[in-house]
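Colleague: Got a predicted structure plus its sequence, pasted below:
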Amino acid sequence: MPTQRDKIREDVHFRILRLLNDNPEMSQRDLAKAVGISTGGIHYVLSALLEKGQIKLGKFTAARDKRRYAYVLTPSGIAERAVLTRRFLKRKMAEYEALKAEIEEVGADLPDTDLAALRAEATEQKNG
């Protein structure tokens with residue numbers, strides 16, 4: 001059974017593979033900011049992904065700084081991203097269902113008008 005730490009690590013790997021799939025030229029600093037971990041943490045994860053053969057370094061030809069690289073997903077990395085995507089979605093859907101049930105349970109303690117008002121406020125806040 002995966003620990004909470006394992007789940008967090010897997011989520012970080014999923015998010016990094018997803019970001020690199022869409023933006024292979026992202027810098028380590030940008031990746032760290034997007035994922036919410038330190039630059040050193042990103043370096044560690046990228047090194048592990050390189051070692052596992054899930055990403056490879058490619059020259060980032062559009063860069064003025066010729067030392068810049070692109071992190072390109074390998075076929076192994078693409079397959080791993082698919083596996084992680086499935087696990088991530090399964091976990092998030094279970095969290096959503098549990099949260100939805102808790103909201104309904106707690107909401108049952110309020111009059112229907114208060115619950116409707118809270119839903120409207122939440123929708124308004126979500127939309128901006």
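Modeller: Received, thanks.

Colleague: show me what contacts M1?
Modeller: Applying C-beta atoms under 8 Å, 6 or more residues apart in numbering, we find M1 in contact with no residue. (C-beta placed from N, C-alpha, C; glycine too.)

Colleague: For it, give its distance to R86.
Modeller: 18 Å (C-beta to C-beta, to the nearest Å).

Colleague: what do you get for L110?
Modeller: For L110, the distance to R86 - C-beta to C-beta - is 37 Å.

Colleague: repeat for M26
Modeller: 24 Å.

Colleague: Where does the prediction get shaky in the protein?
Modeller: Low-confidence segments of the chain (pLDDT under 70): 60-68.

Colleague: all strands of the chain, in order?
Modeller: Secondary structure of the chain by DSSP state E: the strands cover 55-59, 69-73.

Colleague: helices or strands up against the last one?
Modeller: Okay, so that is strand 69-73. For strand 69-73, the packing partners by 3 or more C-beta pairs under 8 Å, 6 or more residues apart in numbering; DSSP states H and E come out as helix 4-22, strand 55-59.

Colleague: Which residue comes closest to the residue most central in space within the chain once chain neighbours are left out?
Modeller: Of all residues in the chain, the one closest to the mean position by C-alpha atoms, centre = their mean is R15, 3.2 Å from it. Distances taken as C-beta to C-beta, 6 or more residues apart in numbering put V35 closest to R15, at 5.1 Å, once the chain neighbours are dropped.
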